[in-house]
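>>> structure of the sequence below:
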Amino acid sequence: MQLVSREYIEIAADVRSGKPRIAGTRIAVEDVAVLHLKLGYSLVEIAGKYDLSLASVYAAMAYYFDHQDEINERKVQEDELVEVFKQNHPSRLQEKLKQLRNE
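Next up, the predicted model:
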């Protein structure tokens, strides 16, 4: 039995930090899932918007549902790292805007 996802989904450590993505692109499976599940784009719209085959977009969603826990956990970890980075490296622009509002 051939797994369809292997034809359309690839993982390379040096591209998108090793996130599973649509083969030959930088569009991560997670990106497709967010566009579809959270932002409400249809899979046909996603394929058209990013010039992807419809089969690759469906494969991305199939991969997402097969690996949902690990993809979501990685997203949570990345979000936590971003928050720590923001706390340790405040935006100079945000600080300047805050100062201007207080004056």
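
>>> output the lowest mean pLDDT helix or strand found in the chain.
Confidence across the helices and strands of the chain bottoms out at helix 4-8, with a mean of 71, counting by mean pLDDT, DSSP states H and E.

>>> beyond it, next helix or strand please.
Once helix 4-8 ends, the next helix or strand along the chain (criterion: DSSP states H and E) is strand 9-10.

>>> and that following strand, which strands flank it?
strand 21-22 (antiparallel) (DSSP bridges).

>>> what average pLDDT does whatever helix or strand comes next after the partner strand get?
Note on strand 21-22: by DSSP H and E, the next helix or strand toward the C-terminus is helix 29-33. On average, the pLDDT along helix 29-33 is 97.

>>> which neighbouring elements make contact with helix 29-33?
strand 21-22, helix 54-66, helix 68-88 (3 or more Cβ pairs under 8 Å, 6 or more residues apart in numbering; DSSP states H and E). Quick note: C-beta positions are derived from backbone N, CA and C, even for glycine.

>>> could I get these as a markdown table with mean pLDDT and mean neighbour count?
Below are the helices and strands packed on helix 29-33 laid out as a markdown table (pLDDT from 0 to 100; neighbours: other Cβ atoms under 10 Å):
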| stretch | mean pLDDT | mean neighbour count |
| --- | --- | --- |
| strand 21-22 | 96 | 23 |
| helix 54-66 | 96 | 19 |
| helix 68-88 | 91 | 11 |
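
>>> looking at these, which is closest to A33?
helix 54-66 (4.4 Å; Cβ to Cβ).

>>> residues in contact with that closest one?
Here helix 54-66 makes contact (Cβ atoms under 8 Å, 6 or more residues apart in numbering) with 4-5, 7-9, 20, 22-23, 27, 29-30, 32-33, 36, 43-44, 46-47, 71.

>>> then stretch 24-44?
Contacts for stretch 24-44 (Cβ under 8 Å, 6+ apart): 9-10, 15-16, 19-22, 46, 49-50, 52, 54, 57-58, 60-61, 63-64, 67, 71, 74-75.

>>> one more time with 6 Å, if that's ok
Contacting residues not belonging to stretch 24-44 are listed as 16, 19-21, 46, 50, 57, 60, 63-64, 71 [Cβ atoms under 6 Å, 6 or more residues apart in numbering].
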